[in-house]
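**Q** need coordinates for the below:
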Amino acid sequence: MTQVKKFWPILTGRHHYEKTLSTRGRGHGEIIKAPILAYLIETQNGRILFDVGCDYQKIKQPGLRKHYYEHDGFPFGPPEMEEEEQLPNKLQILGLQPEDVDVVFCSHLHFDHAGGLCEFCQAEVHVHTSEMQAAKDLADDAYFTSDFDLPLNWKIQHGEYDLVPGVSAIETPGHTAGHMSMMIELPKGQPIILAGDAADLVENLEDEVPPGLCWQDNEQMAIDSIKKLKRLSLQQKAVLWPNHDWDFFQKHNVFPSFFE
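**A** As a prediction, the model looks like this:
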């Protein structure tokens, strides 16, 4: 039986960029707005945070902003993030502090998913071993060493596993070497599968289009992960949530209310 009690999608910022970053080979010249999200899961055994968004300081401090975002590696510039969108401030709305989060689960270690790790130094931090290696190797420009080279309570994972009954980690490599998705079995509603960046948009899922950035340009690995998530969704009668789809998010943005 699931130990999940409540589930919140949380907007931590937004980024405007060419659609080709989400749909490989599609959308040249088309700029889209993408939400940068985290998800809080409250269970009978503690609270789990899926991803932690960007490092606010790297966006707001001019020197850091120039170093990390204002160069040829980021042709679309930095994300937008307001002070009130920092995760500690969002948690405060729920009457919580960062210390109330027991586990941070990193789908992967790109800047818009792992940048906020510095604010959760007390939590267990789960990441796939292949992802940690790719990040240390700086496999692409979206890894910022300072985001993850921290004395955190790392729990390096080697496969699929249950964090608690009702919360399952799913291996979905392709966008990055060790990307992980998550299935959440709610106490009342349909299960939810968080695709993470295995699928940015509904279009990735419907048309089985790989994300723009594929690890070592291995498109087929990314497509296989999308197909895997779709099979699991059918088997479990679960709803698949893409991660950077603004319209999809708006339809499911109930914060500070929650799903159960």
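**Q** so how far does stretch 126-140 reach from one end to the other?
**A** Taking Cα to Cα, to the nearest Å, the first and last residues of stretch 126-140 lie 21 Å apart.
**Q** which other residues reach it?
**A** By Cβ atoms under 8 Å, 6 or more residues apart in numbering, the surrounding residues in contact with stretch 126-140 are 103-106, 108-109, 143, 145, 148, 154-158, 163, 169, 171, 173, 176-180, 213, 215-216. The C-beta positions use only the backbone N, C-alpha and C, and glycine is treated the same way.
**Q** recalculate using a threshold of 7 Å.
**A** The set of residues external to stretch 126-140 that reach it, using Cβ atoms under 7 Å, 6 or more residues apart in numbering, is 103, 105-106, 108-109, 143, 148, 154-158, 173, 176-180, 213, 215.
**Q** same check on stretch 112-124?
**A** 15, 36, 49, 51-55, 58, 79, 87-88, 98-99, 101-104, 106-107, 125, 144, 147-148, 150, 152-153, 155.
**Q** and the contacts of stretch 126-140, which are buried?
**A** Of all the contacts of stretch 126-140 considered here, the ones buried according to neighbour count by 16 or more other Cβ atoms under 10 Å are 103, 105-106, 108-109, 143, 148, 157, 173, 176-180, 213, 215.
**Q** which members of the contacts of stretch 112-124 occur in strands, if any?
**A** 15, 36, 49, 103-104, 125, 153, 155 (DSSP state E).
**Q** if any of the residues you listed are buried, put those into a ChimeraX selection.
**A** Written as a ChimeraX command, the selection of buried residues from these, which uses 16+ other Cβ under 10 Å, is:
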select :15,36,49,103,104,125
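**Q** can you put the ones in strands among the contacts of stretch 112-124 in TSV and add pLDDT and distance to Phe248?
**A** Listed next are those as TSV, based on pLDDT from 0 to 100; distance: Cβ to Cβ, whole Å:
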residue	pLDDT	distance to Phe248
His15	97	15
Ile36	98	14
Leu49	98	20
Val103	98	25
Val104	98	23
Val125	98	27
Asn153	96	33
Lys155	98	30
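**Q** looking at the ones in strands among the contacts of stretch 112-124, spot the one nearest Leu94.
**A** Leu49 (11.8 Å; Cβ to Cβ).
**Q** my read: the closest one touches Ser107, true?
**A** No - taking Cβ atoms under 7 Å as the contact criterion, Leu49 and Ser107 are not neighbours in contact, 11.2 Å apart.
**Q** any idea where the helices of the stretch 51-200 of the chain begin and end?
**A** Secondary structure of the stretch 51-200 of the chain by DSSP state H, counting those that start in this stretch: the helices cover 56-60, 62-68, 87-93, 111-114, 129-136, 145-148.
**Q** tell me the most buried of those helices?
**A** helix 111-114 (a mean of 26; mean count of other Cβ atoms under 10 Å).
**Q** now do that helix: distance to the chain's middle.
**A** In this view, helix 111-114 has its centroid 7 Å away from the chain centroid, taken as Cα atoms, centre = their mean, to the nearest Å.
**Q** extract the CA atoms of stretch 2-16 and return them as PDB.
**A** Output for stretch 2-16, consisting of C-alpha atoms alone and laid out as PDB, is shown next (Å, rounded to 0.1, in the frame of the first residue of the first chain):
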ATOM      1  CA  THR A   2       1.300   3.500  -0.900                       C
ATOM      2  CA  GLN A   3       2.700   5.600   1.900                       C
ATOM      3  CA  VAL A   4       2.200   8.800  -0.100                       C
ATOM      4  CA  LYS A   5       0.000  11.400   1.600                       C
ATOM      5  CA  LYS A   6       0.200  14.500  -0.500                       C
ATOM      6  CA  PHE A   7       2.000  15.700  -3.700                       C
ATOM      7  CA  TRP A   8       2.800  19.300  -4.800                       C
ATOM      8  CA  PRO A   9       4.200  20.600  -8.200                       C
ATOM      9  CA  ILE A  10       6.200  23.700  -7.400                       C
ATOM     10  CA  LEU A  11       7.200  26.400  -9.900                       C
ATOM     11  CA  THR A  12      10.700  27.700  -9.200                       C
ATOM     12  CA  GLY A  13      11.400  29.700 -12.300                       C
ATOM     13  CA  ARG A  14      11.100  29.800 -16.100                       C
ATOM     14  CA  HIS A  15      13.300  29.800 -19.100                       C
ATOM     15  CA  HIS A  16      12.800  31.000 -22.700                       C
END
